[in-house]
Structures are given as structure tokens and as C-alpha cells.
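In: everything below, folded, please.
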Amino acid sequence: MSVPFLDLKAINDSQSAELDAAFRRVLASGWYILGKEVEAFEQQFAAYCGCAHAIGVANGLDAIMLVLRAWGIGPGDEVIVPSNTFIATWLAVSQCGATPIPVEPVEAHYNIDPARIEAAITPRTKAIVAVHLYGQPADMQAIMAIAARHGLKVLEDAAQAHGATCHGRRAGQLGHAAAFSFYPGKNLGALGDGGGITTDDAELAQLLRTYRNYGSQKKYHNLVQGFNSRLDELQAAFLAVKLGALDEGNARRRAIAARYSEQLAGIDGLTLPAVPSWAEPVWHLYVVRHARRDVLAERLAEHGIGTIVHYPIAPHQQQAYAELGHGAGAFPIAEAIHREVLSLPIGPHMSLDQADEVAAAVRAIVPTL
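Out: Sure, this is the predicted structure:
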């Protein structure tokens, strides 16, 4: 049985009639940028996350960057980020002219370790970006308490966590603002690029709507030096369709993850994901660890099973950040994670039989590595 890592065609085919109707509605409207479709989706997504405001932007990277800029973060400032994350988290900080300050994760949970954050705070620290990596929320209660003590802003990087909960509250309402990606492979994915921001801060929401549209609230009247970062009408219409199926898709991901965790338990050398009691992940990724990760991936590919490494190189080891001077061994937990992680197939396209097939292959291969 061939099991692709993620079958976007199958996912989209399941809603093809609704997506086609959305396309035709937008086409017939004659209005394609910042219209009724974006406004409607923003209202729906804000309600889903339990927030007062949602702002559609061009992509997840812009979502992070725009919030930081709206908070006035710029050159000379520092922003605390996870050492273990996709590089977009760091890039958004750099695009503001600020400096990303990495903090290691709780190794069992992969997310930033609140116990290490305070040691990284300096007089130049202005914000913390907490990433909900792989679809599992960071410990936001602890992070918000630290931020309150030091007068810092907290931004959730919720690009992989649409619908995840922390202490019963959904991602998107856990910090002062949250940034989402709607990249096609996300749990809530468009048919192209897209991003969004949620917040309860009305003043911030208004400023973000201004920033995303050339710094303008009224055409040709520019209040600030803004950006062209707008979620378009077509992607908003598609996302509104897909939002209706998000909880069902997340439930399927949870079922697949539970199947993996049950069938892969106790295999020597294989580390499975751990979930804190207060978290309910949405399993954007099901990530295992093994010292011979690359060989495991090759052997699974021989069985027709797709895997991906999220991510092979830690941000501080990327050439793009050589200027920060973080050499090998600077962040050993992140470096070890990036050497060993492997994402197994997971998604609403999968059946439990396919999960069983993947688990059987892993059980057969790992003892031979």
C-alpha cells in the first residue's frame, strides 16, 4: 500500500463542489481584492478562534512581521524566539530590523521552554514569539505570566495550530495576538498562499489593516509606510469553505496520531511525541525521532511511504544567520532535534488502514537500523 505524506488533491476533491461554487461566486462578483469574501472569512475565523478581530494578510511570514512592526519593534530591539522552529519565525523578526534571541525547547514537547525564557530577557527585549510547533500549543499560561512580569508583548506563531487548545482555550486567543499561515498544506490551507492575524486589541487590528494595504485606510491617503500584504478574495472564499471542515479534519488527524502512538510504543531507539495534560494538539505533523533518521526515511520510501524532515537545519545554523555567530553546539537541544526528527504521513486524507500500514513498516524497519 502506497501512503503519500499528504494528499492535497484528495483533501480538496472532498470539497470540490463547494470550492467550485466559491470560485464562480468570486469570478462573477468582479471584485477580487479586499471585498466581501475577505470580510466574511475574517469574521468567521475570528469567531472560530474566539477572538474579536481577524485580519487576512498575504502569508504567515507577513502575519508575524506585521504584528511586530505594529508593536513598534525595530532596530536595536530583541525578540525572543524558539531555537527549534521553521526559519520564518526568525525572518519576521529580522525583517523588522530587530534581533532574534533563541531559547531552547522543552525537549519532550519541542516547544520553547518557559523556564529558560527569563534568562534571555534583557533591557532590549520587547516581545516573545511562542511557536505552536507541529500543531501542539506552547505553554502559554507560563509564557504570558513571564511577559506580564517584564512588560513584554507575546505573539503566537500559530501557523501549524489551527484549532489546537491550551488549557481549553483555542490558539489565536492565548497571547496578545496570533499569526496564522494558510499555506496549502496547513490544517486550514488555501489553494495558494495566505495568512491571518487574530487579536482582541481593536487598535492593533485597525493598524494592521492599515499596514497590509500600503498604509492606507482610504485609497491614495497613506497614513504610514505600509505593505502590500492582502489575503485575496478568492483564497478567502476557499478558506471559508475549508473552515467548515476543519474540526472534522483535525479529528481525523487525532485518530491517526492515536493509532501511531498505540502501535509504535515501546520500540527501542524510536522517540514518539509527548503531549502535556493541558494541551490538545491538532497534529499538523506527527514527528518521531531516531538516531538513523535518514536511513529510516529511505527504507520507508522503499515501502511507498512518504515522509518529510521538519526541519533538517536549525535556524541558527543556517547561512542566513551566520552573522549572529551561533556556532555548532550553541543550542544543542535544537541541533539534536533537527538531526533526528522525521514526520510520518498524517492528514484528513488518510485511513486508519493506511496508518496501520505505516506503523507496521516502522515496526519492521527500526529494529534493523
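In: what mean pLDDT does the biggest helix by length in the chain get?
Out: As assigned by DSSP state H, the longest helix anywhere in the chain is helix 246-263. Mean pLDDT, computed over helix 246-263, is 98.
In: parallel or antiparallel, which strands does the helix or strand following that helix pair with?
Out: For helix 246-263, the succeeding helix or strand toward the C-terminus, using DSSP states H and E, is strand 279-280. Using DSSP bridges, strand 279-280 pairs in its sheet with strand 165-166 (antiparallel).
In: buried ones in the longest helix of the chain?
Out: Buried residues in helix 246-263, counting neighbours by 16 or more other Cβ atoms under 10 Å, are found at 246, 249-250, 252-257, 259-261, 263. C-beta: built from backbone N, CA, C; applies to glycine.
In: correct me, but Cys51 touches Thr198?
Out: Yes. The criterion here is Cβ atoms under 8 Å, and Cys51 meets it with Thr198 at 4.2 Å.
In: what sits in contact with each of those two?
Out: Common contacts of Cys51 and Thr198 (Cβ atoms under 8 Å, 6 or more residues apart in numbering): 172-173, 178.
In: quick one: buried ones out of the residues you listed?
Out: 172-173, 178.
In: pLDDT for the residues you listed - can I get that in CSV?
Out: Shown next, in CSV, are those (pLDDT from 0 to 100):
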residue, pLDDT
Gly172, 98
Gln173, 98
Ala178, 99
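In: circling back to that earlier point, can you name every helix or strand that the longest helix of the chain contacts?
Out: Applying 3 or more Cβ pairs under 8 Å, 6 or more residues apart in numbering; DSSP states H and E, one finds that helix 246-263 contacts strand 286-289, helix 352-365.
In: quick one, that helix and helix 352-365 angle?
Out: 30 degrees (axes from the mean of the first three to the mean of the last three Cα atoms, to 10 degrees).
In: tell me the contacts of Cys51?
Out: Contacts of Cys51 (Cβ under 8 Å, 6+ apart): 172-173, 178, 198-200.
In: do a quick rundown of the strands in the stretch 151-300 of the chain.
Out: Using DSSP state E, counting those that start in this stretch, the strands of the stretch 151-300 of the chain run over 153-157, 165-166, 169-170, 177-181, 195-199, 216-218, 221-222, 279-280, 286-289.
In: name the residues that touch the fifth one?
Out: Around strand 195-199, the neighbours that count as contacts under Cβ under 8 Å, 6+ apart are 42, 45-46, 49, 51-63, 66-67, 172-173, 176-182, 205, 208, 229, 231.
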